[in-house]
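Enquirer: can't give you the sequence, but here's the structure:
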């Protein structure tokens, strides 16, 4: 009896600690999106400011797009070359650096007055934030068993969708009440500061360090199940870079991130310029993309755990094919639909089809490949390659919209989604063969 009570107390303690860890990671990563959505929401205001200084509307769009692209490039390079540091010094450290950097550089942006300073602050913000997701994945791998990766990472993926949606809603209200873009940035910094303090005080690296036993790793992982520090960088990278399936996942991340970042950056401008909504309406309504995506992440995360590891590939294929179709529908809508909800419905459909499956790539699938030993570097590489492609979502999308209009943008994104769907089909075939042979996906 005494042994049973002791075991029950241990289980309750583990569940409480796991819930606390999830809340801290969720809140911290959501706060980062306040320091990311602020530029998107403020872009129409910044374009107006540039116009008052003699910059044409089209040129202002291109300049903002170039700054966004440079920020995405910094984010991608950080994920590729810095995210894996979490496998050596711990995910908690990565996560705190991300929050601290977002706070400092957002304040610097808000205090600036020139494009060079804005660009420097935005680059610093995105570079330091690039460490945070790999840190979140690393900490998660040490707190949760592999059998719940889809659900757990799905819930944690809600953080960036809910954070993005909440940020846009509240920032839209600030603008509606007459506040300028600087207030939007200071508000974002305050949110990041509060969550930085909470995580610094209460977040712990692993459950094993608290005597609660090690988390179980996917037996088909490319790495050992141990939490021990990797022997070398080569020992981390070689198994991943030799895996065709891993490289294919990186290419899927590239395509999906181009589509996702285009909507994250340009939805307010599209709603304002093409459909005629007001500044505050455009900011608030842009929340539909991350908001609907949050529902998709929950549903597909839960479903992927029931379908098995290869079920994620199947859901990726279905979701990406449907995304391509929804983009073609959005392309067919005319600007005369101003005041109509049809474009918003189409944007919501794209979010639902894309964002749930997308959340697997640098989350549950990264852990399936890397486990506890290489979860950070696996996630960092997958996400980093994705964001290298997403550089096009800033400057290139701005130029396409100026030259060919928003219809041209949506046709290009539909082609990217269709190619990614084919890649997901190939990943499913590789996974089916590996599962039948009882070996890691090669």
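Expert: That came through, no problem. Because the structure is a prediction, the values reported are computed rather than measured.
Enquirer: correct me, but residue 207 touches residue 141?
Expert: No: in this structure, residue 207 is not within contact of residue 141 by C-beta atoms under 8 Å, at 10.7 Å. No exception for glycine: its C-beta is placed from N, CA and C like everyone else's.
Enquirer: who's more crowded, these two?
Expert: Neighbour totals were compared for residue 207 and residue 141, and residue 141 leads with 33 against 21 (other C-beta atoms under 10 Å).
Enquirer: which helix in this protein has the most residues?
Expert: helix 2-52 (DSSP state H).
Enquirer: same question for the helix or strand just after that helix, mean pLDDT?
Expert: Helices and strands here follow DSSP states H and E; after helix 2-52, the next one along the chain is helix 57-81. On average, the pLDDT along helix 57-81 is 84.
Enquirer: buried stuff in helix 57-81?
Expert: For helix 57-81, burial by neighbour count (16 or more other C-beta atoms under 10 Å) applies to 60-80.
Enquirer: helices and strands around whatever helix or strand comes next after it, which ones?
Expert: Sequence-wise, the next helix or strand downstream of helix 57-81 (DSSP H and E) is helix 86-89. Applying 3 or more C-beta pairs under 8 Å, 6 or more residues apart in numbering; DSSP states H and E, we find helix 86-89 packed against helix 132-141, helix 364-390.
Enquirer: what sits up against helix 86-89?
Expert: 93-94, 131, 134-135, 137-138, 229-230, 236, 373-377, 380 (C-beta atoms under 8 Å, 6 or more residues apart in numbering).
Enquirer: also stretch 158-176?
Expert: 25-34, 36-38, 40-42, 45, 183-184, 187-188, 191, 264, 268, 279-281, 283-284, 286-291, 293-294, 297-298, 355.
Enquirer: between the contacts of helix 86-89, which sits nearest residue 419?
Expert: Proximity of these to residue 419 (C-beta to C-beta) peaks at residue 380, which lies at 23.8 Å.
Enquirer: any idea of the angle the helix or strand harbouring residue 353 forms with helix 364-390?
Expert: Secondary-structure element containing residue 353, defined by DSSP H and E: helix 342-361. With axes from the mean of the first three to the mean of the last three C-alpha atoms, to 10 degrees as the basis, helix 342-361 and helix 364-390 are set at 120 degrees to each other.
Enquirer: okay, buried residues for helix 342-361 please.
Expert: 343-361.
Enquirer: and stretch 304-319, by the same measure?
Expert: 304-305, 309-319.
Enquirer: would you mind measuring from the spatially most central residue of the chain to residue 109?
Expert: Central residue of the chain (C-alpha atoms, centre = their mean): residue 160, 6.2 Å from the mean position. Distance of residue 160 to residue 109, computed by C-beta to C-beta, to the nearest Å: 20 Å.
Enquirer: thinking again about what came up before, can you flag the buried ones in the contacts of helix 86-89?
Expert: 93-94, 131, 134-135, 137-138, 230, 236, 373-377, 380.
Enquirer: for stretch 305-313, what is the average pLDDT?
Expert: 75.
Enquirer: for it, measure first residue to last.
Expert: 12 Å (C-alpha to C-alpha, to the nearest Å).
Enquirer: still on that earlier bit, element containing the residue nearest to the centre of the chain?
Expert: Counting by DSSP H and E, residue 160 is part of helix 149-176.
Enquirer: low-confidence stretches in this protein?
Expert: Along the chain, the parts satisfying pLDDT under 70 run over 1-7, 218-230, 308-309, 334-340, 372-373, 434-442.
Enquirer: could you count how many residues lie near the closest residue to residue 33 other than its chain neighbours?
Expert: The shortest distance from residue 33 to any non-neighbouring residue, by C-beta to C-beta, 6 or more residues apart in numbering, is to residue 163 (3.5 Å). By other C-beta under 10 Å, 26 other residues sit near residue 163.
Enquirer: same check, this time on residue 362
Expert: 32.
Enquirer: quick one: contacts for it?
Expert: Per C-beta under 8 Å, 6+ apart, neighbours of residue 362: 133, 137, 253, 379, 382, 383, 386.
Enquirer: and which of those is nearest to residue 113?
Expert: Closest to residue 113, out of all of these and judged by C-beta to C-beta, is residue 133, at 31.5 Å.
Enquirer: which SSE is residue 250 in?
Expert: Using DSSP H and E, the element containing residue 250 is helix 244-273.
Enquirer: check which helices and strands that helix sits against.
Expert: Other elements packing on helix 244-273 under the criterion 3+ C-beta pairs under 8 Å, 6+ apart are helix 2-52, helix 57-81, helix 279-285, helix 288-307, helix 311-332, helix 342-361, helix 364-390, helix 395-437.
Enquirer: need these in TSV (columns: distance to residue 148).
Expert: Shown next, in TSV, are the helices and strands packed on helix 244-273 (distance: least, C-beta to C-beta, whole Å):
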stretch	distance to residue 148
helix 2-52	10
helix 57-81	25
helix 279-285	35
helix 288-307	7
helix 311-332	14
helix 342-361	14
helix 364-390	9
helix 395-437	19
